[in-house]
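*Asks:* here is the input, now give the coordinates:
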Amino acid sequence: PAEAVELPVKGEVDITPTVGPEDAADASVDYQILLDGKTSSDLAVVEGKVMLNPAFVNDYERVSKVGKTYTVVASLVDNPTVTDEVEVTVTAVLVESLAAKAFETKMGLEAYTAAPEVTVTPEDADDKTIYWTVKEGADVIAIDANTGVITPKKAGYATVVAQATDMFNTNYETPRVEVEVPVTVLYEDGTPVLKGISFAKDLIEINIADEDGEDVGLVIDPAAAKAEVAYTIKDKNNYSTNLLKVVDGKVVVDLSYYNGWPAEYANADLAAKLGDYKLTATAGEFTATTTIRFYAVAVSELSLGAE
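*Replies:* So this is what the prediction gives:
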């Protein structure tokens, strides 16, 4: 027997036999296909090339042939006792992985026909069909299950899943290969929806004598999102204070409350208000908190006298 060969499920393989002598009067060859010792019409041999028989095996039936091993017996037409055979196993190239980049669109696009781009590995996989579903954000987008075309419903964020149907993977215990694709839908003007806010620092320290203020370090995610931010500052007893304020993104000390107070009373009251405060930022449904430490530098040296 000849060395066994593999037959691609969507292809063909040359098994042309060598007939000797070269000057034989009739070099015609007949072929018989056997499966488990019985004649089969699953394969056909045309001009020395073996393939799945298109007359009996349609695209869907190809799946059931993957992994099967056939015996192709070749015999001389003018002398059927002269034979040779080769084992032919039907194989398929399965999907190993999928890769996709984040997808972005915006509101206001009519008849939008774009879909996320997916790269299938290996390139020669026999079934590259992708099935699409929305994992998160069904209120933000709709997706065509077969084409992956995304239709925006509102600005926001979503996650879609691209799954390889891989019809030739007949091991149903093996999960199908898939990849998640993040989707962003922008407002019509191209700005993104706010995802969240946070403070860059866990502690903001400000001196009672600080005239310039300290940056609160609020982080807007994403940075280009529109965010109307409101700030509140409360003391350890959860009371709001007007002594500290946020102005133009900075914590500033406002001593105007003490205008007209005798110095000793003002200083005593201020001393009692030194300590930690809770700063809260609110933007839509999102909140973030950090700590403000309000302090005064103690006098460590005192010298009197004239030079």
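*Asks:* my read is that Lys226 contacts Leu194, right?
*Replies:* Yes. At 7.1 Å, Lys226 and Leu194 qualify as touching, with contact defined as C-beta atoms under 8 Å. For glycine as for every other residue, the C-beta is placed from the backbone atoms N, C-alpha and C.
*Asks:* the two - which one has more neighbours?
*Replies:* Legend: neighbour count by other C-beta atoms under 10 Å for Lys226 and Leu194, higher for Leu194 (20 against 13).
*Asks:* so the more buried one is in which element?
*Replies:* Using DSSP states H and E, Leu194 is not contained in any helix or strand.
*Asks:* chain neighbours aside, what residue packs nearest to it?
*Replies:* Ala225 (4.2 Å; C-beta to C-beta, 6 or more residues apart in numbering).
*Asks:* pretty sure Lys236 contacts Leu274?
*Replies:* No. The pair Lys236 / Leu274 is not scored as a contact, 11.2 Å apart, by C-beta under 8 Å.
*Asks:* using the three-state scheme, assign Arg293.
*Replies:* Here Arg293 is strand, with the state taken from DSSP: H, G, I helix; E, B strand; the rest coil.
*Asks:* that one pairs with what?
*Replies:* Glu205, Asp276 (DSSP bridges).
*Asks:* distance of it relative to Leu274?
*Replies:* 9 Å (C-beta to C-beta, to the nearest Å).
*Asks:* which one's more surrounded, the two?
*Replies:* Arg293 (14 against 11).
*Asks:* against Lys278, how distant is that one?
*Replies:* 11 Å.
*Asks:* likewise for Asn171?
*Replies:* Counting by C-beta to C-beta, the gap from Asn171 to Lys278 is 57 Å.
*Asks:* ok, the two, which is more surrounded?
*Replies:* Lys278 (14 against 7).
*Asks:* does anything pack onto the helix of greatest length in the chain? Which helices or strands?
*Replies:* Counting by DSSP state H, the longest helix found in the chain is helix 263-272. Applying 3 or more C-beta pairs under 8 Å, 6 or more residues apart in numbering; DSSP states H and E, one finds that helix 263-272 contacts no other helix or strand.
*Asks:* can you give the contact residues for it?
*Replies:* For helix 263-272, the external contacting residues (C-beta atoms under 8 Å, 6 or more residues apart in numbering) are 208, 255, 258, 261, 296.
*Asks:* extract the C-alpha trace of that helix and format it as CSV.
*Replies:* What follows is helix 263-272, C-alpha atoms only, in CSV (Å, rounded to 0.1, in the frame of the first residue of the first chain):
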residue,chain,number,x,y,z
ALA,A,263,-8.1,87.8,66.2
GLU,A,264,-7.9,85.6,69.3
TYR,A,265,-11.4,84.3,68.8
ALA,A,266,-10.8,83.7,65.1
ASN,A,267,-7.5,81.9,65.8
ALA,A,268,-9.1,79.7,68.5
ASP,A,269,-12.0,78.8,66.2
LEU,A,270,-9.6,78.0,63.3
ALA,A,271,-7.4,75.8,65.5
ALA,A,272,-10.4,73.8,66.4
